[in-house]
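Enquirer: here's my sequence, what's the structure:
(2 chains)
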There are 2 protein chains.
Amino acid sequence: MGAVKTKRMPRAVREQQMLDAAVETFGRRGYMAASMDEIAELAGVSKPLVYLYLNSKEDLFTACIRREAKSLVEAVRTGVRTDLPADRQLWDGLRAFFAHTGRHPHAWSLLHLQARTHGEPFAGEVAAMREEIVAFVTQLIAIAAREAHRDPDLPEREVAGLAEALVGAAESLAAWANTDDTVSSHQAAATLMNFAWAGLGNLMNDRPWSPPPA
Amino acid sequence: MGAVKTKRMPRAVREQQMLDAAVETFGRRGYMAASMDEIAELAGVSKPLVYLYLNSKEDLFTACIRREAKSLVEAVRTGVRTDLPADRQLWDGLRAFFAHTGRHPHAWSLLHLQARTHGEPFAGEVAAMREEIVAFVTQLIAIAAREAHRDPDLPEREVAGLAEALVGAAESLAAWANTDDTVSSHQAAATLMNFAWAGLGNLMNDRPWSPPPA
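Expert: Residues are numbered from 1 along each chain as shown, chains lettered A, B, ... in the order given. Prediction:
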């Protein structure tokens, strides 16, 4: 309410505004097509100030990837309580993941598409995030195997493959849900949970996975 | 055996050699970093001849995407017999998919990573291929639902989401299998088939999906 005067802001606050504008612009237009002029305008600052604070388009892009990767991993970790059963952890983790990618579609486009094909250091930044998520899921599957007393039976390679499959499925569904307004993040999480936990064979026989009571 | 003399070749043959060299170079280096010099050298032709036949780097890249997308879709379609049960079709399709991506890792890198983030028309070409594969998988899941007499119960939206999940899982596993020499295409297909059909819950309880006798 009322007119807010533009004031001197602490550098940290300004930088976050620049990163917000950059994530949106890179996410919308792609890395190559995004211009520093556009980013500065969207952030409401001068272009020289963007260069002063973030140095170059490359450094700005890297800073965006780093911030958004950290934010996504934190959202998933915060959503999961590691003292709960594995299927509950997976369900909570998937809900946290899709809620985050749904709320931040440009950030997801940046991480999922833009960051992976413009060489280093960008690809390395996002690969590190993906490895962290795959490691988290791998651990979850290993816990599920322990809970089912299957520990010695499920080879490490198989667990790693299942984790890669699950992460790939989540990536694909996040992109899909973001292009279709009628798909909620809860629906995307439920679809993937059913796919991953019950499997298509069980879904066909009307034996879906059921979420635990909250 | 013996020395083979360089001969005049039909244009179509030369073009395929150029595309072979281009797919390898784009797949290895990425679209931006790949040079026409390098592609011409690998193809054993002069750079002007590449421009004469394929016109520009953009057109060459588009021709590569188009050829490789067609080749991958054909490999999957050829691997599947539509008169067999849905789980058998899925198993055959997955084996064909991973066999193809494993034999053509540069083509897979081109389709999965390079083609998706350099704007149009490249993104559109690969999106069309992906839609064709998603449609194929959607149909398979619908057939499975019919076979299990679940047709009216499984909403179209849910089937579309499951197909997106399965395709995303396959994309992720193909990239993973191509970076790990110890994972065969058969193993990647078996991991995904178990994940997709039996689900993690059943795998944990030692109820994997079993391939049908050949």
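Enquirer: residues in contact with A:Ser46?
Expert: A:Ser46 makes contact with A:Ala40 under the criterion C-beta atoms under 8 Å, 6 or more residues apart in numbering or on different chains. Using the backbone N, CA and C atoms, a C-beta is placed for each residue, glycine as well.
Enquirer: and A:Ala33, by the same measure?
Expert: Counting by C-beta under 8 Å, 6+ apart, A:Ala33 touches B:Gly119.
Enquirer: switch the cut-off to 10 Å
Expert: Residues near A:Ala33 by C-beta atoms under 10 Å, 6 or more residues apart in numbering or on different chains: A:Thr25, A:Phe26, B:His118, B:Gly119.
Enquirer: A:Asp37: which of these is nearest?
Expert: A:Asp37 lies nearest to A:Thr25 out of these, by C-beta to C-beta, at 10.0 Å.
Enquirer: and the residue nearest the centre of chain A?
Expert: For chain A, the residue nearest the mean C-alpha position is A:Leu72 (4.4 Å; C-alpha atoms, centre = their mean).
Enquirer: pretty sure A:Thr101 is one of the things that residue touches, is it not?
Expert: Yes. Counting by C-beta atoms under 10 Å, A:Leu72 touches A:Thr101, with 7.4 Å between them.
Enquirer: what touches both of the two?
Expert: In contact with both A:Leu72 and A:Thr101: A:Ala107, A:Trp108, A:Leu111, A:Ala174, using C-beta under 10 Å, 6+ apart.
Enquirer: those residues: which ones sit near chain B?
Expert: Contacts with chain B within these, counted by C-beta under 10 Å from any C-beta of the partner chain: A:Ala174.
Enquirer: in CSV: the shared contacts of A:Leu72 and A:Thr101, plus pLDDT.
Expert: As requested, the shared contacts of A:Leu72 and A:Thr101 are exported to CSV (pLDDT from 0 to 100):
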residue, pLDDT
A:Ala107, 96
A:Trp108, 95
A:Leu111, 93
A:Ala174, 94
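Enquirer: in helices, which of the shared contacts of A:Leu72 and A:Thr101 fall?
Expert: With DSSP state H as the criterion, helices contain A:Ala107, A:Trp108, A:Leu111, A:Ala174 from among these.
Enquirer: nearest to chain B among these?
Expert: A:Ala174 (8.9 Å; C-beta to the nearest C-beta).
Enquirer: is chain B within reach of the biggest helix by length in chain A?
Expert: Longest helix of chain A, by residue count under DSSP H: helix A:122-147. Yes. Legend: contact between helix A:122-147 and chain B by C-beta under 10 Å from any C-beta is shown at A:Ala123, A:Arg130, A:Val134, A:Leu140, A:Ile141, A:Ala144, A:Ala145, A:Arg146, A:Glu147.
Enquirer: buried subset of the residues you listed?
Expert: A:Ala123, A:Arg130, A:Val134, A:Leu140, A:Ile141, A:Ala144, A:Ala145 (16 or more other C-beta atoms under 10 Å in any protein chain shown).
Enquirer: any idea how far the last one lies from B:Asp206?
Expert: In other words, A:Ala145. Between A:Ala145 and B:Asp206 the computed distance is 10 Å (C-beta to C-beta, to the nearest Å).
Enquirer: next one: the third one
Expert: In this structure, A:Val134 and B:Asp206 are separated by 24 Å, where distance is defined by C-beta to C-beta.
Enquirer: leaving out the residues flanking it, which one is nearest to the residue nearest to the centre of chain A?
Expert: Closest residue to A:Leu72 apart from its sequence neighbours, by C-beta to C-beta, 6 or more residues apart in numbering or on different chains: A:His100 at 5.6 Å.
Enquirer: what's the mean pLDDT across the strand or helix carrying A:Trp91?
Expert: Secondary structure assignment for A:Trp91, by DSSP states H and E: helix A:86-103. With pLDDT averaged residue by residue, helix A:86-103 scores 93.
Enquirer: for chain A, what helix or strand is lowest in average pLDDT?
Expert: Every helix and strand of chain A was ranked by mean pLDDT, DSSP states H and E. The lowest is helix A:199-204, at a mean of 74.
Enquirer: now, among the shared contacts of A:Leu72 and A:Thr101, which is nearest to A:Lys47?
Expert: Distance to A:Lys47, by C-beta to C-beta, is smallest for A:Ala107 among these, at 22.7 Å.
Enquirer: now the closest residue to the closest one other than its chain neighbours: which helix or strand?
Expert: Nearest non-adjacent residue to A:Ala107, counting by C-beta to C-beta, 6+ apart: A:Glu68, 4.2 Å away. Following DSSP H and E, one finds A:Glu68 within helix A:57-79.
Enquirer: against which helices or strands is that helix packed?
Expert: Packing partners of helix A:57-79 (3 or more C-beta pairs under 10 Å, 6 or more residues apart in numbering or on different chains; DSSP states H and E): helix A:11-29, helix A:36-43, helix A:47-54, helix A:86-103, helix A:105-112, helix A:122-147.
Enquirer: what angle do the last one and helix A:57-79 make?
Expert: Between the axes of helix A:122-147 and helix A:57-79, defined by axes from the mean of the first three to the mean of the last three C-alpha atoms, to 10 degrees, the angle is 10 degrees.
Enquirer: which SSE is immediately downstream of the helix or strand containing A:Ala177?
Expert: Assessed by DSSP H and E, A:Ala177 sits inside helix A:156-179. Following helix A:156-179 in sequence order, the next helix or strand is helix A:185-193 (DSSP H and E).
Enquirer: next, the buried residues of that following helix.
Expert: Buried residues in helix A:185-193 (16+ other C-beta under 10 Å): A:Ser185, A:Gln187, A:Ala188, A:Ala189, A:Ala190, A:Thr191, A:Leu192, A:Met193.
Enquirer: which of those residues are close to chain B?
Expert: The overlap between the buried residues of helix A:185-193 and the neighbours of chain B (C-beta under 10 Å from any C-beta) comes to A:Gln187, A:Ala188, A:Ala190, A:Thr191, A:Leu192, A:Met193.
Enquirer: in this structure the last one contacts A:Gln89, no?
Expert: Yep, that's A:Met193 we're talking about. No. Taking contacts as C-beta under 10 Å, A:Met193 lies outside contact range of A:Gln89: 11.2 Å.
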